[in-house]
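Asks: Here is a sequence together with a model predicted from it:
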There are 2 protein chains.
Amino acid sequence: MHAPNTTEQESPRPRGRPRREAARDEIVEATLALLADRGFQATTMDAIAARASVGKTTIYRRWDSKEELIADALGELRTEPSTSAATDLRAVLLEYLHDQERELADPLVGRLLPAILGELQTNPGFASAWEDRVVRPRRHAIVDVLSEALERGELRDGADPDVIADLLLGAPLLRLLFPVGLPAVPAHYAEQQLEAIWDGIAPVA
Amino acid sequence: MHAPNTTEQESPRPRGRPRREAARDEIVEATLALLADRGFQATTMDAIAARASVGKTTIYRRWDSKEELIADALGELRTEPSTSAATDLRAVLLEYLHDQERELADPLVGRLLPAILGELQTNPGFASAWEDRVVRPRRHAIVDVLSEALERGELRDGADPDVIADLLLGAPLLRLLFPVGLPAVPAHYAEQQLEAIWDGIAPVA
DNA sequence: GTATTACGATACTACACGTTATCGAAAAAA
DNA sequence: TTTTTTCGATAACGTGTAGTATCGTAATAC
């Protein structure tokens, strides 16, 4: 929007008091924290400012609207796909499931998700930001693993990587979103998941 | 709240102009329709009244608050568990999956779900209403089938009905909530799901 | 020093929306 | 006809909140 140095050019230092750059991250962090443990409604600009110990002026000097702030904040959720060292497909999948469950168990992600799901419906801007930055990377990570395994013959002929990804990712999500008295993610859940699927996707022996 | 006839007693007809009973269903229907295709935020009392061609007075004479109206409306989503005639476990599961997918594909349910997910987080009243009236019946239907099958030896020893239910129900949900360019529910999706699982849960031959 | 910009705090504006109140008309019982 | 209750429409009230304006202060360049 502003930012006079369009490239990496060293801007010669503007005139007045410089912005406190750290404030940006503090505001983003406060936004995510509020979304996670107070929900979407309670995440007001006043609440964000208070939690970040910052004046609203400081927020609006960096973002044009609440919408843009939240979209940016969601972008910070990117996680690196824990490059697994395992070679055995089953071990790789297991490790991946453990990563997913650990991430869902994290209050930040686990509670953020339901909080913004409704917003994704009606807000195309959110939807694409969320999809590009959060959903797609995670899904691609496992779909790629499965696709390569299929080509190497480590999956049953005719198996569909997308469907298998749905099964693996959808199950813990269901538990998270609809806790019907069941433990959120019990011990050895990943193992149980894989156990129930493996013989259906492994090559016929 | 009111309703003078606590039992089925024929009340002798009150004095003034009688209420138009059909209005209740029209209001409920308008509420669900708005939630589904406009989202939670756009579902205001004015919008509901307008869509139902009704005055707000008429709504507030039947419900004490918007919250109670929506809770009641969600209750209308109850579906009878299509009592399957099939006896073969795999056929029963397949039929169940088809039912689920048909329901999720229904714009009303399929779009209602994401619209209220956020609300479930912060609103305990909604959460329990939704859970009791929508989630629990559907989940129990399939968990019961699986549990009985397990007892009859039609499932592999050590299989966990809850985990299998997660896999079967979670996969289409994932597609619905996070459409990453994939078709919502492609043809033969249920068959593919079951194919990927069956050999992992069937008894060892 | 002066000028300029950022800072946090607070007040203010504008609007959306749940809820209540008020209206004249309609539908029933007495 | 009179009384009672519902009806749809509309206005009004109260609150919450996004966004703006203002103020005194701090940090930097000149």
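Replies: Great, that's in hand. Being a predicted model, the structure only gives us computed values, none of them experimental. Residues are numbered from 1 along each chain as shown, chains lettered A, B, ... in the order given.

Asks: What residue in chain A comes nearest to DNA strand C?
Replies: Residue nearest to DNA strand C within chain A: A:Gly16 (1.9 Å; CB to the nearest atom of the strand). Every C-beta, even on glycine, is put in place using the N, C-alpha and C of the backbone.

Asks: Of all the helix elements in chain A, which one is longest?
Replies: helix A:22-42 (DSSP state H).

Asks: which element follows that one toward the C-terminus?
Replies: helix A:45-51 (DSSP states H and E).

Asks: ok, residues contacting that following helix?
Replies: Outside of helix A:45-51, the residues within contact range by CB atoms under 8 Å, 6 or more residues apart in numbering or on different chains are A:Ile27, A:Ala30, A:Thr31, A:Ala33, A:Leu34, A:Arg38, A:Gly55, A:Lys56, A:Thr58, A:Ile59, A:Lys66, A:Leu69.

Asks: mind running it again at 7 Å?
Replies: Residues outside helix A:45-51 that contact it (CB atoms under 7 Å, 6 or more residues apart in numbering or on different chains): A:Ile27, A:Ala30, A:Thr31, A:Ala33, A:Leu34, A:Gly55, A:Lys56, A:Ile59, A:Lys66.

Asks: Name the nearest of the residues you listed relative to DNA strand D.
Replies: Closest to DNA strand D, out of all of the contacts of helix A:45-51 and judged by CB to the nearest atom of the strand, is A:Lys66, at 3.6 Å.

Asks: before we move on, the earlier item: can you put the contacts of helix A:45-51 in a markdown table and add pLDDT, distance to chain B and neighbour count?
Replies: Shown next, in a markdown table, are the contacts of helix A:45-51 (pLDDT from 0 to 100; distance: CB to the nearest CB, whole Å; neighbours: other CB atoms under 10 Å in any protein chain shown):
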| residue | pLDDT | distance to chain B | neighbour count |
| --- | --- | --- | --- |
| A:Ile27 | 98 | 22 | 23 |
| A:Ala30 | 97 | 18 | 21 |
| A:Thr31 | 96 | 16 | 25 |
| A:Ala33 | 94 | 15 | 18 |
| A:Leu34 | 94 | 12 | 21 |
| A:Gly55 | 97 | 27 | 12 |
| A:Lys56 | 98 | 23 | 12 |
| A:Ile59 | 98 | 22 | 20 |
| A:Lys66 | 96 | 14 | 15 |
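
Asks: from the residues you listed, which are also near DNA strand D?
Replies: A:Lys56, A:Lys66 (CB under 7 Å from any atom of the strand).

Asks: got JSON lines for the contacts of helix A:45-51, with distance to A:Asp166 too?
Replies: Output for the contacts of helix A:45-51, formatted as JSON lines (distance: CB to CB, whole Å):
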{"residue": "A:Ile27", "distance to A:Asp166": "36"}
{"residue": "A:Ala30", "distance to A:Asp166": "34"}
{"residue": "A:Thr31", "distance to A:Asp166": "30"}
{"residue": "A:Ala33", "distance to A:Asp166": "31"}
{"residue": "A:Leu34", "distance to A:Asp166": "31"}
{"residue": "A:Gly55", "distance to A:Asp166": "46"}
{"residue": "A:Lys56", "distance to A:Asp166": "42"}
{"residue": "A:Ile59", "distance to A:Asp166": "39"}
{"residue": "A:Lys66", "distance to A:Asp166": "33"}
